[in-house]
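A.B. asks: this one's structure only:
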């Protein structure tokens, strides 16, 4: 396989006509053909659309300023693409062809990107391992018997394996950052409202954000320059001015002097693997060496973040998934006698186990007699969690944590115990509950060569600082350049 | 804690959610949801009197003017329906009453 090329390098090569968009696109499609049988990272491939689009870009003369000119991009399968099947990895949307493109898809294409396909994910983005896909799990390119994390596991695996330099994911409780960390990629969850969610298949609307997965922070920043901004079709998309993220990275010649990095050590007392903790401590030393001031912070309510998240996310999901009823799109159970019968059988046959489990839980916490004890209480604790971050950000600029308490875990290891699976998100859900930007950047490898991720979380709408700090860290460490070695023996099969 | 969430609780909630479950799922979810709820109950120990609930973490929604704008054509809206009738412009469903 070719060594992966970065989005920025592809753009330069195509802009200078050192390579054609068609050649770049063909190479990406060849990599999909070679690697997807092993990884199951892609749900749908769109070779004709991609090649036609690439040829169109090659024929254009007014293209020099397109920031993603000729860059092959993969999209998580919960992002609507006109004419390309979009299923959120659920049987209930099997074969669904959306009649419109998500705003992020329009923005990528307007910037010169070439969409090559849709990536596998946990069904409706509900999961932390991509094992909840109705179409089989994705495998981690670093170890084929392990999960890539989730729910954007296909996007993370596609980037980590060098198939595409850039992919989009969605992050409701860590679904961009955790798989990016477990696959050795960079993953960025923007501030809530920074990127339009129009055309994202909704899971939990107060938490969902779309963001990039890339091999470098610089490429993630270029993608953010394309994705961010107001959209009249999403009332939660912020109208506040968007800074230039790529330019913000260029301001880092002074390293991290003047940057205060908060470390909430009280959260690391249990459940964090020794390899992860050692890599994290080494990463903190690097930021200190680059001039950052390290400050102890406390997030007193963060131990409650996982249960708060699972109450709120499932409640919102139970409402959002009410629309899958066999009437307007997707699967309909045959031979139902009445409308109610049709609803129940369609949903019973169309949804997988984890989705059903969450619909039941979410419906329960919203039901009469339980609403106050669970849902309202969770929303109140959410306020306290946000308040903790506000207090911490009075004295620091970013907060550093491991992205995931463990490296990639084995396929099947956690599928029988939902609570154990939910704990994968312990360091990531806080940013969603508080609406904050957060990035993961590779910070080491375990003894068995599995990637470890470092997370920086920032103030709301201060996405640029988070990316800037991660970029400085990345430039002075080797970890983003480490790539998985996919055994040749498996490739020849 | 195991009787925290019984099989009949699962059945009651599944009816509210219009979700058919088989016998195995009912037993599995009763057991697993008992465990998840036992875990989630820790939030009830947090003092929250007088704390406003957070419904979303964004800034206030940006409202647009209430004006007629182009939307999906009817045929496009009906194209993915399991039983759409483009000529009549409607989604067909089984009878409402049994």
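C.D. replies: Everything's here; your move. Worth saying up front: this structure is predicted, and the values here are computed from it rather than measured.
A.B. asks: Using the three-state scheme, assign residue A:213.
C.D. replies: Classification of residue A:213 by DSSP: H, G, I helix; E, B strand; the rest coil places it in strand.
A.B. asks: Share the number of residues neighbouring it, please.
C.D. replies: 34 (other CB atoms under 10 Å in any protein chain shown). In short, each C-beta sits where N, CA and C put it, glycine included.
A.B. asks: Residue A:287 now?
C.D. replies: 24.
A.B. asks: How about the one 3 residues further on?
C.D. replies: The burial count assigned to residue A:290 is 19, neighbours taken as other CB under 10 Å.
A.B. asks: Now do the contacts for it.
C.D. replies: Residues near residue A:290 by CB atoms under 8 Å, 6 or more residues apart in numbering or on different chains: A:255, A:256, A:257, A:472, A:473, A:476.
A.B. asks: Repeat the analysis, applying 6 Å as the threshold.
C.D. replies: For residue A:290, the contact set (CB atoms under 6 Å, 6 or more residues apart in numbering or on different chains) comprises A:255, A:256, A:472.
A.B. asks: Using TSV, lay out those residues together with distance to residue B:91.
C.D. replies: Formatted as TSV, the contacts of residue A:290 follow (distance: CB to CB, whole Å):
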residue	distance to residue B:91
A:255	60
A:256	57
A:472	54
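A.B. asks: Quick one: the residues you listed as CSV, columns for neighbour count too.
C.D. replies: Output for the contacts of residue A:290, formatted as CSV (neighbours: other CB atoms under 10 Å in any protein chain shown):
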residue, neighbour count
A:255, 16
A:256, 23
A:472, 23
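A.B. asks: what's the closest of those to residue A:340?
C.D. replies: residue A:472 (58.2 Å; CB to CB).
A.B. asks: does residue A:355 really touch residue A:122, like I thought?
C.D. replies: No. Here residue A:355 does not reach residue A:122: they are 9.0 Å apart, not a contact under CB atoms under 6 Å.
A.B. asks: between these two, who's got more neighbours?
C.D. replies: residue A:122 (32 against 28).
A.B. asks: Correct me if wrong: that one contacts residue A:131.
C.D. replies: No. Assessed by CB under 6 Å, residue A:122 is found out of contact with residue A:131, at 7.2 Å.
A.B. asks: Next, give phi and psi for the residue lying farthest from the centre of chain B.
C.D. replies: Relative to the centre of chain B, the most outlying C-alpha is that of residue B:87, 31.5 Å out, by CA atoms, centre = their mean. Dihedral angles phi and psi of residue B:87 (degrees, to the nearest 10) take the values phi -60, psi -40.
A.B. asks: just residue A:283 next, same as before
C.D. replies: Main-chain torsions, residue A:283, degrees, to the nearest 10: phi -70, psi -40.
A.B. asks: count of neighbours near it?
C.D. replies: So residue A:283, with other CB under 10 Å, has 24 neighbours.
A.B. asks: so it touches residue A:454, yeah?
C.D. replies: Yes. Residue A:283 lies in contact with residue A:454 (CB under 6 Å); the separation is 4.7 Å.
A.B. asks: which neighbours do these two share?
C.D. replies: residue A:443.
A.B. asks: all strands in the stretch 351-493 of chain A, in order from the N-terminus.
C.D. replies: With strands called from DSSP state E, counting those that start in this stretch, the stretch 351-493 of chain A shows them at A:398-402, A:438-445, A:451-458.
A.B. asks: Ok, the stretch 151-300 of chain A next?
C.D. replies: A:166-171, A:186-189, A:209-214, A:260-263, A:293-296.
A.B. asks: Export those strands to TSV and append columns for mean pLDDT and distance to chain B.
C.D. replies: Conversion of the strands of the stretch 151-300 of chain A to TSV gives the following (pLDDT from 0 to 100; distance: least, CB to the nearest CB, whole Å):
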stretch	mean pLDDT	distance to chain B
strand A:166-171	98	13
strand A:186-189	98	12
strand A:209-214	98	10
strand A:260-263	98	19
strand A:293-296	98	23
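A.B. asks: Looking at the ones you listed, which is nearest to residue A:360?
C.D. replies: Residue A:360 lies closest, by CB to CB, to one member of those: strand A:166-171, at 22.8 Å.
A.B. asks: Would you reformat the strands of the stretch 351-493 of chain A as CSV and include distance to residue A:19, mean pLDDT and mean neighbour count?
C.D. replies: Supplementary listing: the strands of the stretch 351-493 of chain A in CSV, determined by distance: least, CB to CB, whole Å; pLDDT from 0 to 100; neighbours: other CB atoms under 10 Å in any protein chain shown:
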stretch, distance to residue A:19, mean pLDDT, mean neighbour count
strand A:398-402, 37, 98, 26
strand A:438-445, 27, 98, 28
strand A:451-458, 29, 98, 29
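A.B. asks: For those, could you give me JSON lines that also reports distance to chain B?
C.D. replies: Output for those, formatted as JSON lines (distance: least, CB to the nearest CB, whole Å):
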{"stretch": "strand A:398-402", "distance to chain B": "16"}
{"stretch": "strand A:438-445", "distance to chain B": "13"}
{"stretch": "strand A:451-458", "distance to chain B": "13"}
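A.B. asks: Same list (those strands) but as a markdown table, adding distance to residue A:45.
C.D. replies: Formatted as a markdown table, these follow (distance: least, CB to CB, whole Å):
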| stretch | distance to residue A:45 |
| --- | --- |
| strand A:398-402 | 34 |
| strand A:438-445 | 27 |
| strand A:451-458 | 26 |
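A.B. asks: Where does the stretch 1-150 of chain A get nearest to chain B, residue-wise?
C.D. replies: Residue of the stretch 1-150 of chain A nearest chain B, by CB to the nearest CB: residue A:99 (3.9 Å).
A.B. asks: So the nearest residue to that residue once chain neighbours are set aside: helix, strand or coil?
C.D. replies: With sequence-adjacent residues excluded and distances taken as CB to CB, 6 or more residues apart in numbering or on different chains, residue A:99 is closest to residue B:76, at 3.9 Å. Using three-state DSSP, the structure places residue B:76 in helix.
A.B. asks: Perfect, that will be all.
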